[in-house]
Each structure stands twice: as structure tokens, then as C-alpha cells.
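Student: Provided below are the primary sequence and the corresponding predicted coordinates.
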Amino acid sequence: MDTKDSKRKLLIPVIILYIFFIIIQFAMFFLSKGPIWNGFNFMRSILGTVLLSFVAPITFIGITFYLRNEEKPKRSILKTSLLVVGIAIINLVLSIVITMQLEKIYGPTTGNPVISEAKKALLPTVFRLGWGLLGEEAIKLSFFFVLYGKIKYDSDKKWKYWGVWIIIAIVFGLGHFDTYKYNLLHSILAIGLPNVLYGYLWKKTESPVLMWSTHFLYDMILVLITYIAM
């Protein structure tokens with residue numbers, strides 16, 4: 001998959017829809033609840049459904065298909081498994097620690113909505129989660145391929161590589177702005193910033209499936225902790 005060829009155009013709809021998704025959330029933040037706010041909320045709901053239930057997951061499948069023949073870094077199954085589990089756990093720890101620090105300063109924040117949904121209906125939530133996370137990883141990879149312009153990590157462009165992943169982390173966090181009750185710091189720092197870890201994962205594996213697997217494992221750990229605590 002050459003990100004400079006026509007296949008790159010397949011990534012643009014995801015990026016455009018996601019940017020509009022963020023803009024609508026900020027518009028809602030600056031509006032008082034009323035007819036206009038309700039209209040934006042309806043638009044956000046429709047756009048989110050189209051993006052995360054259809055366009056982005058299908059894009060993820062397309063990315064995986066186009067990269068199927070690309071030569072990937074050689075890693076043993078054990079090392080790959082440890083990498084996936086390790087990043088998921090570090091992501092979880094970072095999110096918890098950052099959230100705790102923010103709560104000390106600004107008071108209680110909103111928890112991950114997946115947890116409350118799983119309490120009501122576990123299996124449907126797991127299924128929706130798995131499909132939706134295909135879309136979230138497609139969003140990250142679409143921004144990465146377009147902004148970085150390459151698939152593989154290039155040591156000559158390492159600053160650009162990590163700079164792009166910082167941008168992706170911030171943009172990803174902003175996409176959760178209304179989910180976390182318009183808490184900008186929580187969205188960027190606790191939800192967005194840990195996604196820089198996925199830049200390391202991509203550097204080591206160049207595998208969309210492993211990106212998805214790590215994200216899915218992260219959320220499933222949260223769900224399991226909740227069920228054990230119940």
C-alpha cells in the first residue's frame with residue numbers, strides 16, 4: 001500500500017468525517033441546551049454512527065487487505081503477545097494515574113462508558129466494542145498514513161514519526177470530548193496521550209490487527225475489573 005497512490009484517497013473520508021465529529025462536539029460545548037444544541041446532538045449521533053459503525057470499520061478492513069502482502073518486522077509469537085499485553089497494561093495504568101491526578105485538581109471525572117454498558121448487557125457490549133474499535137484504529141491509521149506519508153518507521157524521520165503520533169493522540173482524545181462531559185484535559189491527557197504507545201506498537205509490528213487487538217484488550221481489562229469488583 002503506497003500512501004502516495006490512489007489508495008490513499010480511501011483514507012480521506014474517515015479523516016474528514018472525524019474532524020467534523022470533533023467540530024460538532026465543540027459547537028455543542030459552546031451552546032446552551034435548546035433546539036440548536038439538540039440539532040447538533042442529533043448530527044453528532046448520526047455522524048458518529050456512520051463513522052464508527054460503517055465508514056471507519058470498512059476502512060480498517062481495507063487497510064488490512066492492502067497491507068496483507070507488505071513485509072513486516074519479524075517477531076516471535078511470544079514477543080508479540082508480550083508486546084500487546086504490555087502496551088495494553090501500560091495504557092491502562094497511564095490512563096488511571098492521569099485520571100487520578102486530574103481528579104485531585106479538578107474533582108471527579110466521568111468513567112469509561114463501556115463499563116456501564118457492559119454491566120447491563122455484556123455480550124452485546126463486547127460485540128459492539130470489537131466492531132467500533134475497528135473504526136477507532138482506522139481513524140488513527142488514516143491520520144498516520146496521510147500525515148506521515150509512509151507506512152514504515154523511518155529512522156531518518158523519527159521526529160516526524162513521533163510528532164505525528166502525538167498529533168494522533170491529541171486528535172483521538174478530542175474525539176471523546178463530549179463522551180467525557182467536555183473535560184478537555186481528561187480527553188487529551190487520560191484518553192488521548194497514552195495512544196502514543198500505539199506508535200511504538202506500529203513501529204514494532206506494522207499490523208492493523210495487533211493495533212486493534214491491543215485496544216480491545218485494554219477495554220476488556222476494564223470490563224473484567226468491573227465484573228470482578230461487582
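Tutor: Cool, got the structure. Residues are numbered from 1 along each chain as shown.

Student: residue boundaries of the helices in the protein?
Tutor: Taking DSSP state H as the criterion, the chain contains helices spanning 12-29, 35-50, 56-66, 77-106, 113-120, 122-148, 158-174, 184-185, 196-205, 208-229.

Student: in CSV: the ones you listed, plus mean neighbour count.
Tutor: In this view, the C-beta of every residue, glycine as well, is placed from N, C-alpha and C. As requested, those are arranged in CSV below (neighbours: other Cβ atoms under 10 Å):
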stretch, mean neighbour count
helix 12-29, 18
helix 35-50, 14
helix 56-66, 19
helix 77-106, 15
helix 113-120, 14
helix 122-148, 20
helix 158-174, 18
helix 184-185, 14
helix 196-205, 19
helix 208-229, 18
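
Student: got JSON lines for these, with mean pLDDT too?
Tutor: Formatted as JSON lines, the entries for these read as follows, by pLDDT from 0 to 100:
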{"stretch": "helix 12-29", "mean pLDDT": "97"}
{"stretch": "helix 35-50", "mean pLDDT": "95"}
{"stretch": "helix 56-66", "mean pLDDT": "96"}
{"stretch": "helix 77-106", "mean pLDDT": "94"}
{"stretch": "helix 113-120", "mean pLDDT": "73"}
{"stretch": "helix 122-148", "mean pLDDT": "93"}
{"stretch": "helix 158-174", "mean pLDDT": "98"}
{"stretch": "helix 184-185", "mean pLDDT": "94"}
{"stretch": "helix 196-205", "mean pLDDT": "98"}
{"stretch": "helix 208-229", "mean pLDDT": "88"}
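
Student: contact partners for L217?
Tutor: By Cβ atoms under 8 Å, 6 or more residues apart in numbering, L217 lies in contact with V84, V85, A88.

Student: pick the one among these closest to M100.
Tutor: M100 lies nearest to A88 out of those, by Cβ to Cβ, at 18.9 Å.

Student: what separates that closest one from F40, distance-wise?
Tutor: With distances taken as Cβ to Cβ, to the nearest Å, A88 is found 34 Å from F40.

Student: repeat that for I115.
Tutor: Summarising the geometry, the distance separating I115 from F40, computed by Cβ to Cβ, is 26 Å.

Student: for I19, same thing?
Tutor: If you go by Cβ to Cβ, the gap between I19 and F40 works out to 15 Å.

Student: same question, W131
Tutor: When Cβ to Cβ is the yardstick, W131 and F40 sit 25 Å from each other.

Student: and H176, by the same measure?
Tutor: 17 Å.

Student: what does S116 give?
Tutor: S116 sits 24 Å away from F40, going by Cβ to Cβ.

Student: alpha carbons only: can I get stretch 118-134 in CSV?
Tutor: This file holds the C-alpha atoms of stretch 118-134, laid out as CSV (Å, rounded to 0.1, in the frame of the first residue of the first chain):
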residue,chain,number,x,y,z
ALA,A,118,-21.2,-3.9,30.0
LYS,A,119,-22.9,-4.1,33.3
LYS,A,120,-26.3,-4.1,31.6
ALA,A,121,-25.5,-6.4,28.7
LEU,A,122,-22.1,-8.0,28.5
LEU,A,123,-22.0,-9.9,25.2
PRO,A,124,-23.8,-7.3,23.0
THR,A,125,-21.4,-4.7,24.5
VAL,A,126,-18.3,-6.8,23.7
PHE,A,127,-19.5,-7.3,20.1
ARG,A,128,-20.2,-3.6,19.6
LEU,A,129,-16.9,-2.7,21.3
GLY,A,130,-15.0,-5.0,19.0
TRP,A,131,-16.6,-3.6,15.8
GLY,A,132,-16.4,0.0,17.0
LEU,A,133,-12.7,-0.4,17.8
LEU,A,134,-12.0,-1.4,14.2
